[in-house]
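Participant: Structure for this input, please:
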Amino acid sequence: MKECKSVERITCIIDEDRTHDGEPLYRAIVEAAQGHDLGGATVTKGIMGYGAGKVLRRDRPLGRNSNLPVVISIVDEAEKLDGFSKTLCDMVQQGIILREPVTMCVVRHAGETVE
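Facilitator: Here you go, the predicted structure:
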């Protein structure tokens, strides 16, 4: 069974080396989203990108620091994201935060959520 509904998605793009209170910023954002009981969050590491400074960042061999982009996607109902948005904006000192309406479909098999 598939259930679909209209929700919103926050997409936050930051540098992987950004921190918040001594831990990686992406981890702090996901933990804060979980603390706000939001529907779900996913972190994806980019392999290449550039931002406002036009500095091209890409994966470097031998583990050298490359400061790749990290994308955090968070979904839930608009009202719940409203309460989280200020927290997120306070945490992100440099980056991009997008917010957009999306349709979320949850697929269930035999009455249970597939995750």
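Participant: So, low pLDDT: which residues of this structure?
Facilitator: Counting by pLDDT under 70, the chain contains low-confidence ranges at 61-66, 110-115.
Participant: most residues in a single helix of it, which one?
Facilitator: Counting residues, the longest helix in the chain under DSSP state H turns out to be helix 78-91.
Participant: export it as CSV, just CAs?
Facilitator: Taking C-alpha atoms only, helix 78-91 is exported to CSV below (Å, rounded to 0.1, in the frame of the first residue of the first chain):
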residue,chain,number,x,y,z
ALA,A,78,5.2,22.6,7.1
GLU,A,79,4.1,23.5,10.7
LYS,A,80,6.7,21.2,12.2
LEU,A,81,9.4,22.6,9.9
ASP,A,82,8.4,26.1,10.9
GLY,A,83,9.4,25.3,14.5
PHE,A,84,12.8,23.9,13.4
SER,A,85,13.8,26.6,10.9
LYS,A,86,15.0,29.1,13.4
THR,A,87,17.2,26.4,15.1
LEU,A,88,18.6,25.4,11.7
CYS,A,89,19.3,29.0,10.7
ASP,A,90,21.1,29.6,14.0
MET,A,91,23.3,26.5,13.4
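Participant: State the next helix or strand along the chain beyond that helix.
Facilitator: Downstream of helix 78-91, the first helix or strand assigned by DSSP states H and E is strand 96-109.
Participant: Could I have the CA atoms of that following strand written out in CSV?
Facilitator: The C-alpha coordinates for strand 96-109 follow below in CSV (Å, rounded to 0.1, in the frame of the first residue of the first chain):
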residue,chain,number,x,y,z
ILE,A,96,22.5,27.4,1.6
ILE,A,97,19.1,26.5,3.0
LEU,A,98,16.2,25.7,0.6
ARG,A,99,12.6,25.0,1.5
GLU,A,100,10.1,23.6,-0.9
PRO,A,101,6.8,21.8,-1.1
VAL,A,102,7.0,18.1,-2.1
THR,A,103,4.8,15.0,-2.2
MET,A,104,5.9,12.3,0.1
CYS,A,105,4.8,8.7,-0.5
VAL,A,106,5.3,6.1,2.2
VAL,A,107,5.2,2.5,0.9
ARG,A,108,3.9,-0.1,3.2
HIS,A,109,4.1,-3.9,2.8
